[in-house]
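Undergrad: build me a model from this:
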Amino acid sequence: MSPFKKSIMEIRFQTKEESNRQQQEEFLKLSKIERVYSFLRLSERISQFPVKNKIDKNKDNFQILIDRNDKK
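TA: From the prediction side, this is the model:
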């Protein structure tokens, strides 16, 4: 299998254990370099997954707060 070959979508009805076993068997059939390419493709696809990250606007800011209503 070429590392640049497009995969075909297929729907299978099976248990999680069967699915994991099949994925492992298919992965182990690949050559070492194909395994590396497979890992890199998976990593790239995962990095494009949408995530919910809160953006902290003050994360990298240093703030000095002065209370001018200080009664002494």
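Undergrad: who touches Ile8 in this structure?
TA: If you count contacts by Cβ atoms under 8 Å, 6 or more residues apart in numbering, Ile8 has none. C-beta coordinates here come from the backbone N, C-alpha and C atoms, glycine included.
Undergrad: and the pLDDT at it?
TA: On pLDDT, Ile8 comes in at 82.
Undergrad: which of the helices or strands spans it?
TA: Per DSSP states H and E, Ile8 falls between elements, in no helix or strand.
Undergrad: quick check: the gap between it and Ile64.
TA: The gap separating Ile8 from Ile64 is 60 Å, by Cβ to Cβ, to the nearest Å.
Undergrad: same check, this time on Val36
TA: For Val36 relative to Ile64 (Cβ to Cβ), the value is 50 Å.
Undergrad: more neighbours: which of those two?
TA: A count of neighbours by other Cβ atoms under 10 Å puts Val36 above the other of Val36 and Ile64, at 12 against 4.
Undergrad: tell me the mean pLDDT over whatever helix or strand the more buried one lives in?
TA: Val36 is part of helix 32-47, with elements assigned from DSSP H and E. Helix 32-47 shows a mean pLDDT of 91.
Undergrad: show me which parts of that helix are buried, residue by residue.
TA: In terms of neighbour count (16 or more other Cβ atoms under 10 Å), helix 32-47 has its buried residues at Tyr37.
Undergrad: report the central residue of the chain.
TA: Nearest to the geometric centre of the chain sits Ile46, at 2.9 Å (Cα atoms, centre = their mean).
Undergrad: for the helix holding Val36, C-alpha coordinates in CSV please.
TA: This file holds the C-alpha atoms of helix 32-47, laid out as CSV (Å, rounded to 0.1, in the frame of the first residue of the first chain):
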residue,chain,number,x,y,z
LYS,A,32,8.1,0.2,8.9
ILE,A,33,8.1,3.3,6.7
GLU,A,34,4.4,2.9,5.9
ARG,A,35,3.7,2.8,9.6
VAL,A,36,5.6,6.1,10.1
TYR,A,37,3.7,7.7,7.3
SER,A,38,0.4,6.4,8.7
PHE,A,39,1.3,7.9,12.1
LEU,A,40,2.2,11.2,10.5
ARG,A,41,-1.1,11.3,8.6
LEU,A,42,-3.0,10.5,11.7
SER,A,43,-1.2,13.2,13.6
GLU,A,44,-2.0,15.8,11.0
ARG,A,45,-5.7,14.9,10.9
ILE,A,46,-5.9,15.1,14.7
SER,A,47,-4.2,18.5,14.7
